[in-house]
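Peer 1: would you be able to build a 3D model of this:
(chains A and B, ligands or ions: 1)
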Amino acid sequence: MLIAAYAIGARDAFVYVRAEYPLAIVRLEKALADARKAGILGQSVLGSGFACDIRIKAGAGAFVCGEETALIESLEGSRGMPRLKPPFPAEKGYLNKPSNINNVETFANVAWIILNGGAKFAAMGTENSKGTKVFALTGKIRRGGLVEIPMGLTLREVIFGIGGGIRDGKRFKAVQMGGPSGGCIPESLLDTRIDYKELGATGAIMGSGGMVVMDETTCMVNMAKFFLDFTARESCGKCVHCRIGTRRLHEILTRITEGRGKEGDVELLEELCRGIKDGALCGLGQTAPNPVLTTIRYFRDEYDAHICERRCPAGECAALRKFWIDPAKCKGCGACARKCPVKAISGEPRSPYAIDSAKCIGCGSCEGACKFGAVSRV
Amino acid sequence: MEAKNVSLTIDGVKVEVPEGTTVLAAAEKAGIEIPNLCFLKSLAPYGACGVCVVEAEGCPKLLRACATTVREGMVVNSKGERALKARKLAFELLMGDHDGDCLGPCKIECPAHTDCQKYVGEIAEGPTARSTSARSPKGASPTPLRR
Ligand code: FES
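Peer 2: You can find the predicted model right below:
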């Protein structure tokens, strides 16, 4: 960061951190204090006469503040809402002064490149994407966490090599790449290399570097709904496409997962998604439809099963689940009936119980309550 | 210093305007109407509604006419299919979300032919299903996204 400040002649520098990450702030503060003591920051950086100091700005953690102009608004003390571009931050940024704004990861790479040379950095990666990238590997994976990998590895190498594969012996289903506004990639495309261009071709993005791995128990419609719930909430509300459009997307997805989907809903979703991508003001809105578009592209059959057959293939959507008690296994203990919140289970002690499917809401409490494995999904 | 002039083409019409003019203002000068909602002459452009979007040759994104300044040689198409679609969607989304939240009692007739008084009254009484039908008795409110 100091190198960048020196290069453009900036005296003031900020690190923008979410206030919800107190540990990061404590550590940063300590690092800055140490740097000041060592004379790396301050009136004369390393005795060069160049003055620069870095301050920490704790933001309220709005997702949209990852958008550069929204971040600058927040830095200035206003609500984090994107500005119109142009003018770009390089012309009018913080306090309308020319500003350089970059990700921490980018700055971290600069120091490495200066120390080791550009050729060495460029030697890693692919023709389109050089160097390394940090990913946050999470979800149904054996070994999650932050991983830094050279560009060009395939998704399979990362998930099954570094991540150790899927937890609990389940099958891999898809990976959501690039955070909540990224896209999901199915098993058939696992040999895609991690590269801006190749990832983009699948409909996903590099984005924040999030990698959420999902197994066969994840319902893709429900997952799209989950991410849309997030983006609809995080939308700053400035432009119409994002504010209202994401909400409509979420409503449609909700009704599909609740078994109230209509024929033509998928086409409606697609049309709306494309419109939002085209009309939204900033990156949040332009990428928010990605999870919907990619799940439709790769898991259309799941949407159709929800809409036409009122069935959730992964068995995740509560409204579409039905349970059944196997009379051969049921000992008649009544544990399930006591747990059922809607009193859908009836029976006499020591003889098999039964579920009234008209009353059942598919919550799955009975399945968890049964010690004999008698409750199963239909 | 005299302001430089920039010439551009909008919907096939050539116009010359001072540097820094917005596409919207340039179109107005050329006698071309670009619909807009959130733009107000006395304020800085806000760019929220997305109703004023236009296409420009060589530009992958749709541009907001109210907030885009002209460039020399720009070729703008304000009635392209893509722009019209985005514009329609923006309006549809806006109107579809208009739950009679304007200030009553209405002084002028509602453009969506909504009987707001009745609508608000019915919400207060209870069943929203009925109040929704009161909202747009003639179906004039463009709410197909609520279908
Ligand atoms: S008039 Fe609303 S975005 Fe231009």
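
Peer 1: excluding its backbone neighbours, what's nearest A:S365?
Peer 2: Among residues not flanking A:S365 along the chain, A:K339 sits closest, at 4.4 Å (CB to CB, 6 or more residues apart in numbering or on different chains). C-beta here means a position set from N, CA and C on the backbone, and glycine is covered the same way.

Peer 1: try A:E29
Peer 2: A:I56 (6.4 Å).

Peer 1: whichever residue of the stretch 1-150 of chain A sits closest to chain B: neighbour count?
Peer 2: Nearest to chain B in the stretch 1-150 of chain A, going by CB to the nearest CB, is A:L84, at a distance of 4.6 Å. A:L84 has 18 neighbours, counted by other CB atoms under 10 Å in any protein chain shown.

Peer 1: any figure for the gap between the residue nearest to A:E29 and A:L269?
Peer 2: 41 Å (CB to CB, to the nearest Å).

Peer 1: comparing these two, which residue is more hemmed in?
Peer 2: Neighbours per residue (other CB under 10 Å) separate A:I56 from A:L269, with A:L269 holding more: 23 against 13.

Peer 1: pretty sure the more buried one is in a strand, no?
Peer 2: No: per DSSP: H, G, I helix; E, B strand; the rest coil, A:L269 lies outside any strand segment and is helix.

Peer 1: and the pLDDT at it?
Peer 2: For A:L269, the model assigns a pLDDT of 96.

Peer 1: A:I296 is in contact with that one, correct?
Peer 2: Yes: A:L269 lies in contact with A:I296 (CB atoms under 8 Å); the separation is 6.6 Å.

Peer 1: which one's the longest helix in chain B?
Peer 2: With secondary structure taken from DSSP state H, chain B has its longest helix at helix B:81-96.

Peer 1: which parts of that one are buried?
Peer 2: Within helix B:81-96, the residues that count as buried by 16 or more other CB atoms under 10 Å in any protein chain shown are B:82-83, B:85-87, B:89-96.

Peer 1: that helix near the ligand anywhere?
Peer 2: No: legend: contact between helix B:81-96 and the ligand by CB under 6 Å from any ligand atom is lacking; minimum distance shown is 8.2 Å.

Peer 1: tell me what that helix is packed against?
Peer 2: Judged by 3 or more CB pairs under 8 Å, 6 or more residues apart in numbering or on different chains; DSSP states H and E, the packing partners of helix B:81-96 are helix A:240-257, helix A:265-279, strand B:53-56.

Peer 1: that helix - what's its average pLDDT?
Peer 2: 90.

Peer 1: ramachandran coordinates for B:R64?
Peer 2: B:R64 adopts backbone torsions of phi -90, psi 110, taken as degrees, to the nearest 10.

Peer 1: could I get the contacting residues of A:K197?
Peer 2: Contact partners of A:K197, counting by CB atoms under 8 Å, 6 or more residues apart in numbering or on different chains, are A:N128, A:S129.

Peer 1: can I assume B:V76 sits in a helix?
Peer 2: No: counting by three-state DSSP, B:V76 falls outside a helix, being strand.

Peer 1: what separates A:C340 from the ligand, distance-wise?
Peer 2: As for A:C340, its distance to the ligand is 53 Å (criterion: CB to the nearest ligand atom, to the nearest Å).

Peer 1: do A:A19 as well
Peer 2: Taken as CB to the nearest ligand atom, the span from A:A19 to the ligand is 32 Å.

Peer 1: for that residue, what are phi and psi?
Peer 2: Torsion angles, degrees, to the nearest 10, at A:A19: phi -70, psi -20.

Peer 1: for it, grab the count of nearby residues.
Peer 2: So A:A19, with other CB under 10 Å, has 12 neighbours.

Peer 1: identify the residue spatially nearest to it, adjacent ones excluded.
Peer 2: A:A58 (4.0 Å).

Peer 1: one more: A:G39?
Peer 2: Using CB to CB, 6+ apart, the closest residue to A:G39 is A:L46 (6.1 Å).

Peer 1: ok, residue 19 - contacts?
Peer 2: By default, I'm working from chain A. Applying CB under 8 Å, 6+ apart, the residues contacting A:A19 are A:I25, A:A58, A:G59, A:A60, A:G61.

Peer 1: wrong one, I was asking about chain B
Peer 2: When contacts are counted by CB under 8 Å, 6+ apart, B:E19 touches B:A3, B:K4, B:N5, B:V6, B:T69, B:V70.

Peer 1: is it true that the second one touches B:P18?
Peer 2: Put plainly, it is B:K4. Yes: the criterion here is CB under 8 Å, and B:K4 meets it with B:P18 at 7.2 Å.

Peer 1: what about the two, which has more around it?
Peer 2: Between B:K4 and B:P18, counted using other CB under 10 Å, the more crowded position is B:P18 (13 against 9).

Peer 1: what is the neighbour count of A:L284?
Peer 2: 26.

Peer 1: which of the helices or strands spans it?
Peer 2: helix A:283-287 (DSSP states H and E).

Peer 1: and that helix, anywhere near chain B?
Peer 2: No: using CB under 8 Å from any CB of the partner chain, helix A:283-287 stays clear of chain B, with a minimum separation of 8.8 Å.

Peer 1: quick one: average pLDDT of that helix?
Peer 2: pLDDT averaged over helix A:283-287 gives 91.

Peer 1: quick check: can you list the domain ranges of the chain?
Peer 2: Using chain A here. A:2-103, A:132-215, A:220-308, A:322-377 (automatic domain parsing).

Peer 1: wait, I meant chain B there
Peer 2: According to automatic domain parsing, the domains of chain B span B:5-95, B:99-147.

Peer 1: and for A:S376, the neighbour number?
Peer 2: 12.

Peer 1: quick check: A:Y6 is in a strand.
Peer 2: No: membership of A:Y6 in a strand is not supported by three-state DSSP, which gives helix.

Peer 1: from what I see, A:V342 and A:C360 are in contact.
Peer 2: Yes: the pair formed by A:V342 and A:C360 meets the contact definition of CB under 8 Å, at 7.2 Å.

Peer 1: between the two, tell me which one has more neighbours.
Peer 2: Set A:V342 next to A:C360 and count neighbours by other CB under 10 Å: A:C360 wins out with 19 against 11.

Peer 1: pLDDT weak spots in chain B?
Peer 2: B:1-3, B:98-124, B:126-147 (pLDDT under 70).

Peer 1: what does it put close to the ligand?
Peer 2: B:N36, B:L37, B:C38, B:F39, B:G47, B:A48, B:C49, B:G50, B:V51, B:C52, B:R64, B:C66.

Peer 1: out of these, which are buried?
Peer 2: B:N36, B:C38, B:F39, B:G47, B:A48, B:C49, B:G50, B:V51, B:C52, B:R64, B:C66.

Peer 1: got the contact list for the last one?
Peer 2: Right, the one you point to is B:C66. B:C66 neighbours (CB under 8 Å, 6+ apart): B:T22, B:V23, B:L24, B:N36, B:C38, B:F39, B:P45, B:G47, B:C52.

Peer 1: separation between the residue nearest to A:G39 and A:V110?
Peer 2: Taking CB to CB, one finds A:L46 at 17 Å from A:V110.

Peer 1: of the two, which one has the most company?
Peer 2: A:V110 (16 against 12).

Peer 1: mind listing the helices for chain B?
Peer 2: B:23-29, B:81-96, B:116-125, B:128-135.
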